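J.: Would you be able to build a 3D model of this:
(4 chains)
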Amino acid sequence: MVKVLLWGTLRSAADGQAEVEVAARTFKELLDELAARYPGLEPQIKRGVSLALDGKIYREAWFTEIGPDSEVVLMPYMTGG
Amino acid sequence: MALDAYQKREFKQVGTRPNRPDGVDKVTGRAMYGADATAPGMLHAKVLRSPHAHARIVAIDTSAAEALPGVKAIVTAADFGVPEDAFLLDVQDHCMAREKALYDGHAVAAVAATSLAAAKAALNLIKVDYEVLPHVTDVDEAMKPGAPVVQAGRAFENVPAGMSENVTHHCEFGHGDLDAGFAKADHIIERSFRTAATHQGYIEPNACLASVTSDGRADLWVCTQGQFFYRTLCAAILGMEASQLRVTASEIGGGFGGKTMVYMEPVALALSKKAGRPVKLVLTRDEVFRATGPTVSSSMDVKIGMTKDGRITAAQARLRYSGGAFHCGTVDFGAQAAFAAYDLEAVQTLGWNAMTNRPKESAYRAPGAPLSIYAVESVVDELCQHFGLDPLAVRLKNAADKGTKSSYGPTFDQIGLKATLEAAKAHPHYAAPLGPNQGRGLSCGFWFNFGGNTCVSLSVNTDGTVGVTEGNPDIGGSRASISLMAAEELGIPYDKIRTIVADTSSLGYNDVTDGSRVTFAVGLATIKAARDAVQKMCSRAAKIWGIDEDAVEWVDGAAVPAGPNAGKFPPMTLAEIAAVSAETGGPICGHHEVNADGAGVSFGVHLCDIEVDPETGATKVLRYTVFQDAGKAVHPSYVEGQMQGGAVQGIGWALNEEYIYGADGKLQNPGFLDYRIPVASDLPMIDTVILEIPNPGHPYGVRGVGETGIVPPLAAISNAVSRAVGVRMTELPMSPPKLLKAIEAKG
Amino acid sequence: MQYVAAKTADEAVALLAGHSGTARVLAGGTDLLVQMKSGMVEPDLVVDIKRIAGMRDITPEAGGFRVGAAVSGAELGEHAGVCAMWPGVVEGFNLIGSTQVQGRATMAGNLCNASPAGDAVPSLVAAAAVARVQGPNGTRDVPIRDIPAGPGRTTLSKGEIVTSIFLPARPARAADAYLRFIPRTEMDIAVASAGVSLVLAADGTVESARVALGAVAPTVLLAEEAGKVITGTRLDDETLARMAAACEAICKPIDDKRGTIEFRTRTAGVMAKRAARIAYDRAGAKA
Amino acid sequence: MKTIQVSTTINGDPAEFICTPDETLLDVLRNRLGLTGSKEGCGTGDCGACSVTVNGRLVCSCLVLGAEAEGAEISTIEGMAEGETLHPLQRAFIEHAALQCGVCTPGILVAAKSLLEKNPDPTDEELRYWLAGNLCRCTGYDKIIRAVQVAAAEMRGA
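T.: Model (predicted):
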């Protein structure tokens, strides 16, 4: 199981939890599982999310492997100027 | 061994300052920018724009204009479809108003004619029947119940019920127990701040040359930060296949984020398609201000608690941003970045975006971050004043470091904030004496940086030279940096390499030049493409020598037999291998494609001294020093250039630049005369101190440097001014009338 | 549109007087071309006066100087005689626009553009300079102050053009100065401004003074009371404060994107007292 | 609109063109003569990107009518280098990284050259005020000021 930290506005879609546990080995599995378990998260996932894995930010990268003790943080999709 | 991970090494070329490859073209006037291209049979286009801030378009009659001699095509929203995708719909609606004109300057029709004079004359003959609607241009007004609704039904699901329909987006970040944190504070300061929208202010107005032929193929020559993204948007809006639209990026006369979005390019293509001739469309400066860029405007509240020895116990920010008449997610970045420089137990940031009757926000260097960090750094500074504490010592005491749980969630890896603060503390600037009416300000700054989709092709020519083909327009010397990294990796001289920026048909997809990504991501892909070519060259040498290719190494630009074969053959240089490439298996090229991650966040600290004329509120920047972590400065001159340019744009934002709207909702200052960007005589030299704390995510340790530099100046200057006049300033820009009023109110 | 480079003033006057549409005089063009670019004005006729003999000359006359209507800021700034006698007039004119604009802009053009914020005008008013106007009915001399009628409007009749500006002679212990307030250091339109011209008595007190204020009323103001306040003094701080107050008392500015009523009024006084100080020191240095 | 025929000298060579009476010198240079090195950043004299000299005077070519150029000697960025030999200012700008996007560079070079012809040894302040009408958004001006001073020193033979 992987613990995923949700930012504040997403928590209401996940029964108020700041952190949820999902069974996933990759980002793709994690996002699919989140969307299936908490349909309220789906619009944001569709619009785009970034994921921080142990402090490193990934914008897409479905197949990035997640270790069981990894820190995973969901973040809005990054852009810049 | 992960080839993309940082490895400590001695650089031979990276870190030197060779001449840029596009230098001679640019100093002789030969470089071709957006407006410099022509095509046979070319028409000239002009855009008709709404004189109203908010109006329903009842009818458009183009018949008289169409009858004017020389007029070859006119388009309105009726010539475009209605995209299903909400993002694309916004992009298209911004290029051409559909049902309503949403801001002063919103395009409502466009004409292509045989001369600019005929196109202008035609605009005067287009009759638009408007039903003028109430408008709102202020973010706080737009959030109030009963405010004029800019666009209905556009709110995301995350917006709490009961808010104005203009509020499209809401976000929240943070961790810890705020109440408990504030209870531990010896003093709490809560202040409200406002910032005006600013424009990227690039000197080259947006320009393009579109050519659509009757067989459905099209070419677009355009000044852009991202030809591939422009292709995606234009092809989608025009219903074209990507392969049929080739977009070539011209030399670009500045962008700073403002040329990451299409404004009139789909219109030029539609006109060309309709007229059956090439169409050139160049915006005037007035149009650039009214209908491209700008940033968000903001209204913010920040509350911070501190102990008397300078430890922050809790921090909260509420950010209200407006990205104009469309949805805008920039407040996310502002909310995430606000407290990134601090190690905090309890922190919360809340953000809202509200639509107003202003042009659609476009990215500008570290979008969203300069504003929220300005507000936070102002309150931190005021707390330091309250307790009589040294502002650098307080920042060091609270500074985020490796292992800090950041205010936006993830735990930081290696970051350079403390080193940057220490460098500022040790610098003579920090200890220099100040005179009367002078103040010193400092601020931390932060930006995420990112990598993104990148594709590089590197070809080894038979004469021993190398071509690098990349897909990102060069806005600040990146061709020089890319060539340097290729030279370093290949072990050949810098001037044996020519790096070019490819059109969309010549290379795989590259994300736009944004997010400070180019030197990081294109550099990474170039290094790996070079390694790919090196591997092939080693293989060719091994075949020539008749040894196993694993027993060949690449040293100083040559294949060298290694292991059991060491010393058996003399080194074979790149030129020697290239010369016989036809005989050994054909052309030698290296490639790399990646969606790069691991850009590594960047911190900076700015120090500035300001003098204020107490009788007029005039400010003078006396001294300015930028400290920033570059990871590794590939071409230090251009790293300094990014730091200096970012600082000066921030100085403009802090002191004089602003979008001024009249009660009628019209932009009052759409020109360089009254939109006051800094001129040479306004400024001192901008000193720079580059720190190099390697980014673990890049083979050479590179971090992006382009954006962080605009983040600290707003607060650094506001803190300096506030200290100089003895009044806390809370609104940007600090133009002289505002400053004099504050000084006189103090008495 | 028709463009004519007139060869004589008579030809220019005849063209302008005889034209029924929108006609404009082209001297430096730094206002006219901007207005044409923005569509503010679409002239049918443009009469270029730069090729008229004498229009680009600076000529000594009656102890002062006559400056042709087409003399650019850069040219005036290079004229040692005018710079020595009327430093404030030169510095006001030379503050208009950039170096590039200085290569073209003219005082007569700045005057006839009739912006309340024109930088050349307050010093000319303070200097009691006189414009020579030629028209269908002959030539007349008009005090600078009487040329602007309001923003964008002059008192010139149809067909009349300013052909030169006369800067009168000065006694030895005299000088002038001009200051304007702008948010940047360059490239802005004055938010408030002041030109001060004064003559010192043998004892170092001010014998006579003229103070003019720009950008604080529809036309440049001659601040007569402010001039009286400093007459007979050595510009001590208390006098300067009273002078600033006298200036503030007559300001009738507008609120706009460049400044508020309050700010313009305040800074007009500050500019006036600072300009007075500079003029005083300059005059003293000559004595 | 009736066109006007104009004879000038541009970068030392005779040049003839026709233009409409309302056409600016900048439009003529860029659209009729193919001299696109002069840039239009504003069209109103506020940015300096179109700087040229007319009879030795630095001007914004967007504020000059093409028709006014009759008999004039005009110098543009295209005439600054002598063949393959760059002007010391051009060389200094490249060597000292005084340009980023480069779109303001032609105007700044023309303006700086014009200053050094009048004043071979300007102070930084004189230089900054002289160049105040040349907007640069990329560099913050620091490296531009340094590069001009390097070129000035070289030209003085220092």
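J.: how many neighbours does the nearest residue to residue B:349 once chain neighbours are set aside have?
T.: What sits nearest to residue B:349 in space, not counting adjacent residues and going by Cβ to Cβ, 6 or more residues apart in numbering or on different chains, is residue B:335, at 4.0 Å. Where you see a C-beta, it was placed from the backbone N, CA and C, and this is true even at glycine. Residue B:335 has 32 neighbours, counted by other Cβ atoms under 10 Å in any protein chain shown.
J.: three-state assignment of residue B:335?
T.: helix (DSSP: H, G, I helix; E, B strand; the rest coil).
J.: Wait, it touches residue B:320, no?
T.: No: at 10.9 Å, residue B:335 does not count as touching residue B:320 under the criterion of Cβ atoms under 8 Å.
J.: what's the overlap in contacts for those two?
T.: Counting by Cβ atoms under 8 Å, 6 or more residues apart in numbering or on different chains, the shared contacts of residue B:335 and residue B:320 are residue B:351.
J.: Nearest to chain A within the stretch 51-200 of chain C, name that residue for me.
T.: As assessed by Cβ to the nearest Cβ, chain A sits closest to residue C:184 within the stretch 51-200 of chain C, at 24.5 Å.
J.: Show me which residues of chain D sit near chain C.
T.: Residues of chain D found near chain C (Cβ under 8 Å from any Cβ of the partner chain) are D:1-2, D:4, D:20-22, D:24, D:43-46, D:48, D:51, D:54, D:57-60, D:62-65, D:67-68, D:70, D:111, D:114-115, D:129-134.
J.: Show me the helices in chain D, by range?
T.: D:25-27, D:88-95, D:105-118, D:124-130, D:142-156 (DSSP state H).
J.: For the stretch 1-150 of chain B, give me the ranges with low pLDDT.
T.: By pLDDT under 70, the low-scoring segments of the stretch 1-150 of chain B are B:1-4.
J.: let's see 90
T.: B:1-9 (pLDDT under 90).
J.: what about the residue of chain B found nearest chain D, distance to chain C?
T.: In chain B, no residue comes nearer to chain D than residue B:29, which is 1.9 Å away by Cβ to the nearest Cβ. In this view, residue B:29 and chain C are 17 Å apart by Cβ to the nearest Cβ, to the nearest Å.
J.: And the residue of chain D that's closest to chain C?
T.: Closest point on chain D to chain C, by Cβ to the nearest Cβ, is residue D:133, at 2.1 Å.
J.: Was I right to think residue B:470 contacts residue B:456?
T.: Yes: Residue B:470 lies in contact with residue B:456 (Cβ under 8 Å); the separation is 5.1 Å.
J.: Quickly list what's touching both of those two.
T.: Jointly contacting residue B:470 and residue B:456 under the rule Cβ under 8 Å, 6+ apart are B:507, B:522, B:525-526.
J.: Let me know the closest of the residues you listed to residue C:153.
T.: residue B:522 (58.2 Å; Cβ to Cβ).
J.: Number of residues surrounding the closest one?
T.: Number of residues near residue B:522 (other Cβ under 10 Å) recorded here: 33.
J.: quick one: contacts for residue B:747?
T.: If you count contacts by Cβ under 8 Å, 6+ apart, residue B:747 has none.
J.: where do the strands sit along chain A?
T.: Counting by DSSP state E, one finds strands in chain A at the ranges A:2-5, A:19-22, A:49-53, A:56-58, A:72-76.
J.: Show me the shaky parts of the chain.
T.: Since you didn't name a chain, this refers to chain A. Looking at chain A by pLDDT under 90, you get A:1, A:46-48, A:55-61, A:68-69, A:77-81.
J.: Chain C is the one I meant
T.: C:285-287.
J.: longest helix of it?
T.: Taking DSSP H as the criterion, chain C has its longest helix at helix C:261-286.
J.: Any part of it near chain B?
T.: Yes: with Cβ under 8 Å from any Cβ as the measure, helix C:261-286 is seen reaching chain B through C:262-263, C:266-267, C:270.
J.: For residue C:27, state which of these is nearest.
T.: For these, the nearest to residue C:27 is residue C:267 (29.8 Å; Cβ to Cβ).
J.: of the shared contacts of residue B:470 and residue B:456, closest to chain A?
T.: Once Cβ to the nearest Cβ is applied, the member of those that ends up nearest chain A is residue B:522, at 14.4 Å.
J.: how far away is that closest one from residue B:469?
T.: Residue B:522 sits 11 Å away from residue B:469, going by Cβ to Cβ, to the nearest Å.
J.: residues shared between the contacts of these two?
T.: residue B:456.
J.: Indicate the residue of chain D located nearest to chain B.
T.: Taking Cβ to the nearest Cβ, chain B has its nearest neighbour within chain D at residue D:37, 1.9 Å off.
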